[in-house]
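Engineer: Structure, please.
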Amino acid sequence: MILRLFTKGEPGDWKIRSEMKEQQAIKILLIEDNLGDARLIRDMLEDAQYQSFSLYHAETLSEGSHMLSDGQFNVVLLDIGLPDSMGIDSIKAIKDCSPEVPIIMMTGLDNEETAITSLKMGAQDYLVKGQVDTGLLLRSIRYAIERNNAAADIESKQRFIQHVADTTPDILYILDISDHSLVYSNKALRDVLGYSVEEINLFGDSLYHKLVYSEDLNRVLEYGERLYSANDDKILNLECRMRHRDGRWRWMDFRSVVFSRGKDGSTKEILGTAHDITDRKETEERIRASLLEKELLLREIHHRVKNNMTVIFSMLKLQSRHVKDEHYRSMFHDSMSRIKSMALVHEKLYRSGNLAAVNFGAYLKDLANNLFMFYKISADRVRLRTEVADITLGIDTAIPCGLIVSELVSNAMKHAFREDETGEITVSLREIADAGTARTDASFRHDPTERQHEESGSSSPDTGIELTVSDNGSGIPADIEISQSKSMGLNLVNALVKQLHGTIEVNRKKGTEFRVRFRI
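Structural biologist: A predicted model of the protein is given here:
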């Protein structure tokens, strides 16, 4: 590198220039009142092989501060003993004037305490004049600039991260759970709960008792215990109520993870977020209250429907006592049993935890037992057997199914056995993989010796229900066509199966078996 010797510009301004481009030179401000030391610095810079410098010289701190305010410098070489400064306090004066410029302190005394203090105050390096050579000076300048650039880059990224953190509506925090102190929080802490970090830390060991709702305190303490023993990548959630600075309670959703550990490996600090979910909780509470109100109303409706049906049942029962003709009295009894089966559905729904559906297996057992008592069938003569799975059906399906069972069981009680015969009636309910053919009309399918009626529609495998009512009595006569029967009961069964879009099969080989299949 070709260099010119020092040229004297304005008073106090010495420059080293090369024939390289000016913008490639490192611009140095030397604040030194000893001209001999200044020349020595000049000579060292002149010996540089691969870098050009522009050296500006000031003999006092005030002159150097003025030059800093007028221009940008890459580095400042600062003498510790200037006529208008108090030692290392010069660092503060330079930082006040130009916070971003790196400073290298230069002194004639090798004092370790002074060097450490200088570095703490913001100096990048500390050089003893009598120990400095060209290589050391150039390395110090390069390192100071690189460290300063790295620090500036880190500071820029930190500012960006802090900006992101402060514009996030959720609280971001680092909590030391060993001493219950808040290490860090973004500004959302004040926005959401009204506190500063300092105010939170004033609570000390009573932090949780001061901030957490009493009913939630045990869960919060358990949450802390779980975090204390959690793995590093384990994210733990907690919802609890926190006291706002103005005394209001806010619902908060916490998500926390282990941030640092102590020497024994136990959790020391946790990193987490806290989201205000008060509005959501209040909305949920309003919805819950509204649903409870509607549930009570619906339960009352089922209760009243059941009561009204019971009244109708009682009226028919009273009226039937005045009917002398046995045929008409039987019609009254059939109507009463149908009303009873529908009322029982509403009774089950009223007492159930689910107002939209009924446990149909339990319902069938009660219905069959009620029918036996209603028709005064002796258990010694006709035994009732129920094989029902735990199946839940909606009210729109349960009522027609209940009526079907009521009709078929009633029919078996009245016609399957003579007065001197004993036998058994079986009611079964199970899930099946193929519910058969969904039809627009009920299909009566008989055993292979009989013809089939009303076969229409398409079939495909589907999960469904199979309901069977059978007896081992004398059976339905072969000359009776089930689908064309004039019996109101069988016509009603036909209509109900159609309503369910199902199929019905009748087997007359061993007594009578009705098998109803439908999809759910």
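Engineer: which residue ranges form the strands in the stretch 201-350 of the chain?
Structural biologist: For the stretch 201-350 of the chain, applying DSSP state E, counting those that start in this stretch gives strands covering 236-243, 249-261, 267-276.
Engineer: Let me know which of these is the nearest to Asp79.
Structural biologist: Closest approach to Asp79 among these (Cβ to Cβ): strand 249-261, 42.5 Å. Every residue, glycine included, has its C-beta placed from N, CA and C.
Engineer: what comes up buried for the closest one?
Structural biologist: Arg250, Trp251, Met252, Asp253, Phe254, Ser256, Val257, Val258, Phe259 (16 or more other Cβ atoms under 10 Å).
Engineer: and the second one, how far is that from Glu46?
Structural biologist: Going from Trp251 to Glu46 by Cβ to Cβ, to the nearest Å gives 71 Å.
Engineer: again, but for the first one
Structural biologist: Here the distance between Arg250 and Glu46 works out to 68 Å (Cβ to Cβ).
Engineer: same thing with the fourth one?
Structural biologist: For Asp253, the distance to Glu46 equals 66 Å [Cβ to Cβ].
Engineer: residue contacts, Cys240?
Structural biologist: By Cβ atoms under 8 Å, 6 or more residues apart in numbering, the contact set of Cys240 is Val212, Tyr213, Asp216, Arg219, Val220, Trp251, Met252, Phe254.
Engineer: and the fourth one, how many neighbours does it have?
Structural biologist: What that stands for is Arg219. 14 (other Cβ atoms under 10 Å).
Engineer: Double-check it against Arg241; I have them as touching.
Structural biologist: No: using Cβ atoms under 8 Å, Arg219 makes no contact with Arg241, being 10.3 Å away.
Engineer: what ranges do the strands span in the stretch 1-150 of the chain?
Structural biologist: Under DSSP E, counting those that start in this stretch, the stretch 1-150 of the chain gives strands at 7-8, 14-15, 26-31, 53-58, 75-79, 103-107, 125-128.
Engineer: Then the stretch 401-520 of the chain?
Structural biologist: For the stretch 401-520 of the chain, the strands defined by DSSP E, counting those that start in this stretch cover 423-432, 444-445, 464-471, 503-507, 512-519.
Engineer: so what's Gly511 up against?
Structural biologist: Residues near Gly511 by Cβ under 8 Å, 6+ apart: Ala416, Gly423, Ser470, Asp471, Asn472, Gly473, Ser474, Gly475.
Engineer: The residues you listed: which two are farthest apart?
Structural biologist: For these, the maximum inter-member distance is 13.2 Å, found between Ser470 and Ser474 (Cβ to Cβ).
Engineer: Among those two, which residue is more densely surrounded?
Structural biologist: Neighbour tally, Ser470 and Ser474, criterion other Cβ under 10 Å: the higher count belongs to Ser470, 21 against 14.
Engineer: what's the burial count for Gly473?
Structural biologist: Using other Cβ under 10 Å, Gly473 has 21 neighbouring residues.
Engineer: so what's it closest to, chain neighbours aside?
Structural biologist: Spatial nearest neighbour of Gly473, chain neighbours left out: Ala416 (2.9 Å); criterion: Cβ to Cβ, 6 or more residues apart in numbering.
Engineer: Model confidence score at the one you found, please.
Structural biologist: Model confidence at Ala416, given as pLDDT, is 81.
Engineer: ditto for Ile161
Structural biologist: Note on Ile161: pLDDT of 81.
Engineer: Kindly report the same for the one 5 residues further on.
Structural biologist: We note a pLDDT of 84 for Asp166 in this prediction.
Engineer: what's the one helix or strand it maps to packed up against?
Structural biologist: Element membership of Asp166, judged by DSSP states H and E, is helix 134-167. Using 3 or more Cβ pairs under 8 Å, 6 or more residues apart in numbering; DSSP states H and E as the contact test, the elements touching helix 134-167 are strand 26-31, helix 35-46, strand 75-79, strand 103-107, strand 125-128.
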